[in-house]
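Participant: coordinates for the following, if possible.
(one chain, ligands or ions: 2)
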Amino acid sequence: MKLIFLGPPGAGKGTLALRATDILKVQQISTGSIFRAEMAAKSPLGLKVKSIIDAGKLVDDETTIALVKQRLSQDDVQNGFILDGFPRTIPQAQALDEFCTVDKVVNFDIPDSGVLERLGGRRVCRKCGFNFHMTFNKPSKDDVCDHCGGEVYTREDDKSDAVQKRLEVYREQTAPLINFYREKGLLVDIDAKPMIDEIVVSFKKALGI
Ligand code: AP5
Ligand code: MG
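Facilitator: Ligands and ions are numbered 1, 2, ... in the order given. Take a look at the predicted model:
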């Protein structure tokens with residue numbers, strides 16, 4: 001199955017993707033995670049996008065589209081994938097249409113208050129990328145990942161100024177994709193407010209699996 005996860009920052013896209021990849025036996029393609037890995041490696045791409053991402057703005061369409069096009073040409077995603085965080089602008093969605101067909105677009109419905117609570121408490125493992133939350137899913141030992149022992153840190157773009165910017169960017173540039181995909185008959189809405197087990201149930205129901 002070929003899916004897009006669409007939703008505001010902190011809606012829980014990455015958290016559901018982790019469960020959904022296991023259920024569907026497909027790869028997650030998170031543009032945000034790819035950019036963070038490039039930043040950690042201090043590659044030319046990482047150095048180019050760091051200040052943009054840290055400030056909560058979007059990387060330019062040309063760079064992002066080229067990255068996804070290349071990733072989607074690889075063997076391990078020919079039978080399915082979850083695109084987490086792409087497309088995020090109408091030009092990205094139009095470009096995707098030219099090189100790929102998706103089965104469904106899962107729209108994460110959550111109010112700003114839920115987003116702020118989730119991003120405010122999020123901590124991420126620097127090594128394996130696992131997302132913890134200081135209220136909902138705390139690491140057993142502060143600052144240490146339960147899964148790989150890596151360092152658990154606060155993403156630079158989870159600081160409050162960057163979060164406000166990300167929400168603004170979402171409303172202006174990403175939310176129009178809801179109608180774009182609804183008009184194509186591809187959109188399914190899920191209530192992203194409950195705890196993850198309940199969301200997994202709605203997700204399966206929405207996809208009829
Ligand atoms: P990206 O990494 O994609 O960030 P985002 O879309 O802002 O989304 P997040 O990863 O912050 O949130 P999420 O929805 O995955 O939530 P999570 O599961 O972690 O992108 C980062 C940046 O890269 C962008 O700002 C941009 O600069 C750049 N970029 C990426 N893609 C781009 C593109 N296509 N074009 C241009 N630029 C691009 O959950 C959040 C927290 O809540 C966690 O702590 C989690 O534990 C907790 N939580 C999750 N679900 C639940 C639940 N059900 N109950 C309780 N707690 C929960
Ligand atoms: Mg994410």
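
Participant: what residues does the chain have near ligand 1?
Facilitator: Neighbours of ligand 1 within the chain, by CB under 6 Å from any ligand atom: 7, 9-15, 30-32, 35, 52-53, 56-59, 64, 85-88, 92, 118, 121-122, 131-133, 136-137, 157, 166, 195-196, 199. Glycine gets a C-beta too; all of them are placed from N, C-alpha and C.

Participant: for the residue of the chain at minimum distance from ligand 1, helix, strand, or coil?
Facilitator: For the chain and ligand 1, the shortest gap (CB to the nearest ligand atom) falls at Gly32, measuring 1.9 Å. Assigned by DSSP: H, G, I helix; E, B strand; the rest coil, the conformation of Gly32 is helix.

Participant: now do the same for Leu47: its pLDDT.
Facilitator: pLDDT for Leu47: 98.

Participant: next up, the contacts around it.
Facilitator: Neighbour list for Leu47: Met39 [criterion: CB atoms under 8 Å, 6 or more residues apart in numbering].

Participant: returning to what we had before: so what's the residue of the chain closest to ligand 1 up against?
Facilitator: Gly32 neighbours (CB under 8 Å, 6+ apart): 14, 53, 84-85.

Participant: Thr64 versus that one, what's the distance?
Facilitator: According to CB to CB, to the nearest Å, Gly32 stands 10 Å off from Thr64.

Participant: now list the buried members of the residues of the chain next to ligand 1.
Facilitator: Buried subset of the residues of the chain next to ligand 1 (neighbour count, 16 or more other CB atoms under 10 Å): 7, 9-15, 30-32, 35, 53, 56-59, 64, 85-88, 92, 118, 121-122, 131-133, 137, 157, 166, 199.

Participant: which of the residues you listed fall within helices?
Facilitator: Per DSSP state H, helices hold the following members of those: 13-15, 31-32, 35, 53, 64, 92, 118, 121, 166, 199.

Participant: alright, I will stop here.
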